[in-house]
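[1] What would the 3D arrangement of this be:
(one chain, ligands or ions: 1)
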Amino acid sequence: MGVRVWVPREGQIVDDIPAEDASKDLVFRNDSPTHNDVVETVLPRDAAAWETLRDEALACRRCALHTQRKQVVFGVGSPSSDWLIVGEAPGAEEDRRGEPFVGPAGQLLDAMLHSIGLDREHVYIANVLKCRPPGNRDPEPDEVATCSGYLDRQIDIIRPRIILAVGRFAAQHLLGTDRSIGALRGQVWPYARTGASLVVTYHPSYLLRKPGDKAKAWHDLCLARDAYRKQVAGVSAEA
Ligand code: URA
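    Numbering: from 1, shown residues only. Below is the predicted model of the structure:
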């Protein structure tokens, strides 16, 4: 009674890769496993609620984006992970394949995760929008208002310890602010709805255009990894 027991969950960092190793060349090597055929292999903590949510999202016609989509991109990975990665919206390749972050930006995201000992099977990856905005334009406020309930419910079921917001759009949405990404990265934020730790980093599409900022992204990833360790240590200490 009153004793909290820490049960290891999906998404724990398994490889203790020292920061110096990746910061030396500041290249996220993409030698992580390929993401082809990655499916949800682990049951969420509330499988029935997850199924209901997924079915609802896959059939969604609440905004005009449904008229042009090929597929709803619900998310990928382990829905019982400690780690949630949140991007903006599916692009053309994601729309075609029904999976987030599978284009060139996705390959870089895989490499970024791999640099801190994670991979897409052991985290959960989702976007704020589940359908592709045509021409990869920015999501409209009404689309976000209509769609973001799906992400909220995903977060409620996954209950991640760490949320990594990739890119300005996801960061501003999750933190409810219009501050710049430069002002938001570099610190650990409390995610208001659940109290998870939230770290902001650059979107991999941006890093492909501006590789000089990979060093900063590396620091963000280390910050997220350290915040995760603190979270786990904090919970363990209470047990
Ligand atoms: N960019 C995103 O933000 N999400 C994707 O799934 C792909 C590209």
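[2] all helices of this structure, in order?
    Using DSSP state H, the helices of the chain run over 19-23, 47-58, 92-97, 104-115, 141-158, 168-175, 181-184, 204-209, 214-238.
[3] Show me the one of the ones you listed that comes nearest Ile85.
    When the helices of the chain are compared by C-beta to C-beta, helix 104-115 sits nearest Ile85, at 7.2 Å. The C-beta positions use only the backbone N, C-alpha and C, and glycine is treated the same way.
[4] Give the buried residues for stretch 186-196.
    Neighbour counts over stretch 186-196 (16 or more other C-beta atoms under 10 Å) mark Val188, Trp189, Tyr191, Ala196 as buried.
[5] send the alpha carbons of that stretch over as CSV?
    The C-alpha coordinates for stretch 186-196 follow below in CSV (Å, rounded to 0.1, in the frame of the first residue of the first chain):
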residue,chain,number,x,y,z
GLY,A,186,17.8,23.9,-24.6
GLN,A,187,15.7,23.2,-21.6
VAL,A,188,13.3,20.6,-20.2
TRP,A,189,9.7,21.7,-20.1
PRO,A,190,6.8,20.2,-18.2
TYR,A,191,4.1,19.1,-20.6
ALA,A,192,1.0,20.6,-19.0
ARG,A,193,-1.5,17.9,-19.7
THR,A,194,0.4,15.0,-18.1
GLY,A,195,3.5,16.3,-16.4
ALA,A,196,5.8,14.5,-18.8
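[6] residues in contact with that stretch?
    84, 152, 155-156, 159-163, 174-176, 197-200, 219-220, 223-224, 227 (C-beta atoms under 8 Å, 6 or more residues apart in numbering).
[7] Show the buried residues in those.
    For the contacts of stretch 186-196, buried by 16+ other C-beta under 10 Å: 84, 155, 159-163, 174-175, 197-200, 220, 223-224, 227.
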